[in-house]
Structures are given as C-alpha cells and as structure tokens.
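A.B. asks: Fold the following for me, if possible:
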Amino acid sequence: MSFSESDSFRERCDHCQRLDLFDMLNDALVLVKCRTRGILFMNEKALEMYQYTNEESLNLSITNISHDSAQLNCENWKAAKQYANGYVFTSNHIKKDGSIFKVEISSRFMTLHGDDIYALVVRNLTSDLKMREDVELAGKVQRRLLPLDFTNELFEMHSIYQPHSYVSGDLYDFIFDNYKKVLYGILVDVMGHGIVAAAQAGIFKYLFIQAKDKGIPVQDKLRWINKEVMPFFEGGGFAAAFLFEFDFMCNTLTYSAGGINNFIVIKGQGPEIIRTPGLFLGINADEVFDQGVLHFQSGESFLFLTDGLFEVLPRPISSALDFSRMQEMCKTLTIGGKHHDDASSIGVVIR
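C.D. replies: Residues are numbered from 1 along each chain as shown. Sure thing, here's the model as predicted:
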C-alpha cells in the first residue's frame, strides 16, 4: 500500500495509532516524501514550531520550510540515505511568518506503508544559541574583572587565565598598598567551571577586598573568608584558595592555603615545589588554616597555580628553568589542549 498525492497520512495511520505516538513526542517530527520532497506529515510540535495548521502542512514541500540552498538540501538527503543509523546536521528553517531560525535535524531514510520517506526530528536551536551568547558574554565580563599584569620598582606581576569553557571557576586578584609596601593576593579554584562556579568565584573577590584591611594574620583572614562564603555553598560544592601577602618592608611572604596545596619558588638553583597544608573552603565553617612564612630577596620568583595548571606540569621540573621559561611553558600547556580544567596562575618576580 503506497501513498497517492492526495492521500492523507493521518487517514492511513489512524488504524495503527502512530499519530498518537508521534504527537506525544516533545520534539518536532516532519515526514517528507523522498520522490517529491512534499511534506507528508507534521506532528503537533512541528505544526506549532512552523505556525501551520495540519491542512496547510499537507500542501507544503521541504522548500517551504528550509532556507538552505537546493544543493545543500540534496547533499543532506543523500547523506541521510547513505547512513543506516541516520544523519544529523544543522540548517536554517522558515516559519509561516517568514522568520528564519536555526535548527538541528536528526534525519533518517525509511520505508513507511510501501513508500520511501525521510523522517526528520527537528530541534530549534534558538534558545541554545541565546544561552551560548549569554555564557560567552559572561566569560568576557569575568575576564575583564581580573586585574591586569603589573610592574613597579619592587616586583613584577604576571598572570595566566585559561577557562576550560567560556566561563571559569578560577579567579585571582591582587592589591598593592603603596604606603605599607605590601602586595595582597588571592588565588581561587571553585569546583566546576560553569555559570554557578563563576558566580561563586566572584564572591571570593568581594570577600578578599574586605579581608585585606582586617588587622589579623593571613590564616585568620582565610578563616574569615571561609565562614563568610559558607552560605553560597549550601547546595554542595567547595573551593580551593590560596591567600598571600608580600611585605616589601620586611622581605617576607606570608601565606595560608585552603585546598591549593602547592606553589613554586624559583631561586638560583631552579624551581622548587613548596607543599602547603590546608583543607578546602565551603565545607566546614569552623575550619582552621595553617600559615607559612618565607623570606625573599631580589631576583627570586614565586608561581601560584590552580590545580588545572599544576597537575599538567611535567615532573620533575627542570632545574634549568627560570621564571620566564616557566611562564612560557605554562602558557603553552594552557593553549595546547592538555589541561582538562580551568587553568590559572599568578607569578611574582622580586626586582
């Protein structure tokens, strides 16, 4: 039994209840006649998407809803017929009111009631594209909120920031107090790398600015930040952080770690990894953090890295590497596709 041009697919399929199944689909389904490229059937989701009635849809061909060229349509039909498991492609389609929108089509060639047809499951990508645009914009805003590299007579500050996706759970910030000659800094790595992680990371920037001016030790500043950030992790998750202060009056680096448990010191004999104990933030409001102190002198360098970068560093680290070479190696690692997480670092060179 095959279809004539005047046959109604709904009339032919009433007895097998296919229509009820097709109209239950949450995706738009369009059946197209292979020989004529005429529309054979649209389910309710498709009729709603394209703004046609069922009667109007029966007088349409694929050229009425596709904005692609005839050649491109032909190539897609050939591919759908070639691949037994179906063929997925994107296309520009047209609604009844003339508006054009991008769709993703899962197509398959099959025989139904003795006739060759193309079955098209059509997904409107408009909301996906809008969400992607919003995420890309959020990523641009996030990047612009980061401080620029900085140089003065006491030190050079160099940074690396490479989100795994458009937005990042990594964040860094630093503030130099010219009167006290103290460089305050923080490095944060929030679990995940989506919009939520980015928002949580932004909270740390706000808290860091407040904590900087508190007249308490670095470890207590980190403890205060941890308490303040707890409400933002009630739904789960946690963050790693590293808080530091370079005092150029005393030539001392004071630091406290919460989950970022390594940093690198580069002296005359080459790079050295410094282990720093400390549990993650956002888990226990009463967590206590340790504090470490190092003396520094002119020519030495310090590199603070999130795990996304530290974990891809080659081991052992070559003793021949100075800060510039270490920085270049880290940049290469972040753009070479070897990292599977957000990757960030702050480098401080003592002048």
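A.B. asks: correct me, but Ala239 touches Gly259?
C.D. replies: Yes: if you go by C-beta atoms under 8 Å, Ala239 and Gly259 touch, sitting 6.9 Å apart. Heads up, the C-betas are built off the backbone N, CA and C, glycines and all.
A.B. asks: Please say which of the two ends up with more neighbours.
C.D. replies: More neighbours surround Ala239 than the other of Ala239 and Gly259, with 28 against 21 (other C-beta atoms under 10 Å).
A.B. asks: Check the more buried one and give its pLDDT.
C.D. replies: pLDDT for Ala239: 96.
A.B. asks: again, but for Ser165
C.D. replies: 76.
A.B. asks: can you give me the strands in the stretch 1-150 of the chain?
C.D. replies: For the stretch 1-150 of the chain, the strands defined by DSSP state E, counting those that start in this stretch occupy 28-33, 39-42, 87-94, 100-112, 115-124, 150-151.
A.B. asks: I'd like the next helix or strand past the shortest one.
C.D. replies: Tracing the chain past strand 150-151, the next element assigned as helix or strand by DSSP states H and E is strand 155-162.
A.B. asks: That following strand - what's its average pLDDT?
C.D. replies: Here strand 155-162 scores 95 as its mean pLDDT.
A.B. asks: Tell me the residues that contact both of Ala239 and Gly259, please.
C.D. replies: Common contacts of Ala239 and Gly259, defined by C-beta atoms under 8 Å, 6 or more residues apart in numbering, comprise 189, 280-281.
A.B. asks: Among these, which are located in strands?
C.D. replies: Asp189 (DSSP state E).
A.B. asks: Which member of the shared contacts of Ala239 and Gly259 is positioned nearest Glu234?
C.D. replies: Leu281 (13.4 Å; C-beta to C-beta).
A.B. asks: how about Arg315, secondary structure?
C.D. replies: Secondary structure, DSSP: H, G, I helix; E, B strand; the rest coil: Arg315 is coil.
A.B. asks: Now it: phi and psi?
C.D. replies: Note on Arg315: its backbone torsions stand at phi -120, psi 140 [degrees, to the nearest 10].
A.B. asks: What is the burial count for it?
C.D. replies: Count around Arg315 with other C-beta under 10 Å applied: 5.
A.B. asks: Ok, Asp213 next?
C.D. replies: Count around Asp213 with other C-beta under 10 Å applied: 10.
A.B. asks: Could you do Glu75 as well?
C.D. replies: Glu75: 13 neighbours (other C-beta under 10 Å).
A.B. asks: same question, Glu228
C.D. replies: For Glu228, the count of nearby residues is 17 (other C-beta under 10 Å).
A.B. asks: Once you drop chain neighbours, what's closest to it?
C.D. replies: Using C-beta to C-beta, 6 or more residues apart in numbering and skipping the chain neighbours, the partner closest in space to Glu228 is Leu207 (5.3 Å).
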